[in-house]
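Asks: fold the following for me, if possible:
(one chain, ligands or ions: 1)
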Amino acid sequence: MIDLLVPDARFDRVSSISIKFDLQLRGFTHVILDMDNTVVSRADHLVPQDIIRWINKAKAEGIKLCLLSNNWHHAPFEIAKQLQIPVVAKALKPLPHGFIVARDRIGARSGDTVVVGDQASTDVAGAHLLGMKAYLVEPLSRINEPAHTRIVRSIEDVLTRPRLSPVPKGQQPTQETMQDTIVEKRPE
Ligand SMILES: [Mg+2]
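Replies: Reported below is the predicted structural model:
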């Protein structure tokens, strides 16, 4: 049950996901994107410039994207129009129906699709229920979140905590011991 909530990878924000390394080289040609606090900040209701650039770059690389939102207002349609990508709203995530509609809308299959969102109990669980991978991002803002989201998020934080305990002080790697494991900075 808990594995349903554990993301396949975590990122600071959508634009931290490498289109080459985290999508293309992993076989993901389709991305289902959550909207609130993943693409649009709850603080100012805008899409940050770096995320607009990331979406445009992904599209230019041939990645197909679809917004999938539980939002019941008009916002998902306005944001989809701004970003020029399809949208499925009123999705009732984590229930499978919205994910299936979004997947079909962009001609995706579960194996070539990754869901990107900021909430384990809706975005990650919904993806995993249909056998899709899920990338969890930090919420763009914790301002203006409804009370129920804050409560759910604190439960999710506990359930999705990494299972390895931190290395004890004094045994942490130094620059010398890390030298042969340091990976070259990704070229993006
Ligand atoms: Mg969200």
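
Asks: can you give me the pLDDT of the residue sitting nearest the centre point of the chain?
Replies: Using CA atoms, centre = their mean, the residue of the chain that lies closest to the mean C-alpha position is Val116, 2.2 Å off. Looking at Val116, its pLDDT stands at 98.

Asks: next one: Asp157
Replies: 81.

Asks: also Ile182?
Replies: For Ile182, pLDDT reads 49.

Asks: when you give positions from now on, start the count at 276
Replies: Got it, the first residue is 276 from now on, which makes the last one we talked about Ile457.

Asks: neighbours around the residue nearest to the residue nearest to the centre of the chain when sequence neighbours are not counted, how many?
Replies: Once flanking residues are discounted, Val391 sits nearest to Tyr410: 4.8 Å by CB to CB, 6 or more residues apart in numbering. Heads up, the C-betas are built off the backbone N, CA and C, glycines and all. Using other CB atoms under 10 Å, Tyr410 is surrounded by 24 other residues.

Asks: measure Tyr410 to Leu279 for me?
Replies: 15 Å (CB to CB, to the nearest Å).

Asks: how far away is Ile381 from Ser396?
Replies: Ile381 is 24 Å from Ser396, by CB to CB.

Asks: the residue nearest to Val391 should be in a strand, yeah?
Replies: Yes. Under DSSP: H, G, I helix; E, B strand; the rest coil, Tyr410 sits within a strand.

Asks: that one touches Val389, doesn't it?
Replies: Yes. Shown here, Tyr410 and Val389 form a contact pair, counting by CB atoms under 8 Å, at 5.8 Å.

Asks: overlap in contacts, the two.
Replies: Counting by CB atoms under 8 Å, 6 or more residues apart in numbering, the common neighbours of Tyr410 and Val389 are Asp283.

Asks: now the helix or strand containing the residue nearest to the centre of the chain against strand 408-412, angle please.
Replies: Under the criterion of DSSP states H and E, Val391 resides in strand 388-392. Counting by axes from the mean of the first three to the mean of the last three CA atoms, to 10 degrees, strand 388-392 lies at 20 degrees to strand 408-412.

Asks: after strand 388-392 comes which helix or strand?
Replies: Following strand 388-392 in sequence, per DSSP H and E, is helix 400-404.
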